[in-house]
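Enquirer: sequence-free structure coming up:
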Ligand code: SF4
């Protein structure tokens, strides 16, 4: 990494932030509780997506005590569509620990925060600095990209060695105060100015006079692109079982999306004939089966390729683990992940 001597790094950054910070709901009133919720929601998720979820969440769960007590079903319904649902379960566990061990007060130190479920080094640094103005760094992918470009770092940024170098660079440039604003300003530059994929807005950037990548026309090669591991592809057949305008859903008990409701499904891509045979083998009394279409959903490490069938059932029967849901239940009561939205939308529109 080349050396950049710039004593006014933080003052340039903060002056830019004072003039360009976006108005965001969690910035109006950055109480520790609101910062905790926003930082967990912002993990792997864009600001624009988070805003309506944050606003709804804060209205329903006004403090850490209400979050600690909420039922899992209601929590998942509030989180529905935001993805990475484990964040929601971890957030509730974190709230319970804060209520039990910290009298409901979100801890202020990185060391204490990092012990809580779902809170890693980045989130701990962000909460500590933004909510309590503690001296802490928060290094995420955005910050790594910005600093790599400024310093001309062409090494593999996924290694812990390079992450430590970047953290040290940032630590050495923290201001005397305004630690929270510094953290938010770094995030803001990464989010709205120093964009990934070779399209940064360098002419609007507070660091354009010193940035190695900009001055050497290398924003498209810094940071170094590393190949991501290939996603696993899984084929699934999804069943839209309907009886008297109600749809069958079931709760996932473990693994990906556990605790949420899903449409019954089986591994593999069934044909119409296989679907008939399957229903017969289960003893379901079927009036007709109709193919609905294919859909896919991409998770961070896995891709589902789905094939869906409408199965109209002739008689009422209860099947272990199934819940019958009306349209109203689907909209307002049960949390069904986005992965199934193609088929759920079909049900809402056509039944
Ligand atoms: S000058 Fe361009 S590449 Fe450098 S930090 Fe700013 S936006 Fe990023």
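Expert: Arrived safely. These numbers come from a predicted model, not from an experiment.

Enquirer: Any residue of stretch 171-188 touching the ligand?
Expert: No: Stretch 171-188 stays clear of the ligand (CB under 6 Å from any ligand atom), getting no nearer than 10.6 Å. Yep, even glycine has a C-beta here, placed from its N, CA and C like the rest.

Enquirer: The host helix or strand of residue 128 packs against which elements?
Expert: Counting by DSSP states H and E, the element that carries residue 128 is helix 121-132. Secondary-structure packing of helix 121-132 (3 or more CB pairs under 8 Å, 6 or more residues apart in numbering; DSSP states H and E): helix 32-42, helix 110-113, helix 179-188.

Enquirer: Residue 169 is nearest to which of those?
Expert: helix 179-188 (11.2 Å; CB to CB).

Enquirer: and the longest helix along the chain with helix 32-42, angle?
Expert: Looking across the chain with DSSP state H, the single longest helix is helix 86-102. Angle between the axes of helix 86-102 and helix 32-42 is 160 degrees (criterion: axes from the mean of the first three to the mean of the last three CA atoms, to 10 degrees).

Enquirer: What is the burial count for residue 290?
Expert: Look at residue 290: counted by other CB atoms under 10 Å, it has 12 neighbours.

Enquirer: That one and residue 309 touch, don't they?
Expert: Yes: counting by CB atoms under 8 Å, residue 290 does reach residue 309; the two are 6.8 Å apart.

Enquirer: before we move on, the earlier item: following the helix holding residue 128, which helix or strand comes up?
Expert: helix 141-151.

Enquirer: Low-confidence ranges, the stretch 251-351 of the chain, go.
Expert: 316-318 (pLDDT under 70).

Enquirer: residues in contact with the closest residue to the ligand within it?
Expert: Going by CB to the nearest ligand atom, the ligand is nearest to residue 300 of the stretch 251-351 of the chain, at 25.4 Å. Neighbouring residues of residue 300 by CB atoms under 8 Å, 6 or more residues apart in numbering: 44, 84.

Enquirer: Give me the three-state assignment for it.
Expert: Recorded secondary structure, residue 300: coil (DSSP: H, G, I helix; E, B strand; the rest coil).

Enquirer: That one and residue 150, how far apart?
Expert: Note on residue 300: its distance to residue 150, by CB to CB, to the nearest Å, is 28 Å.

Enquirer: same check, this time on residue 344
Expert: In terms of CB to CB, residue 344 sits 45 Å off from residue 150.

Enquirer: which one of those two has more residues nearby?
Expert: Ranked by neighbour count (other CB under 10 Å), residue 344 and residue 150 place residue 150 first, with 25 against 21.
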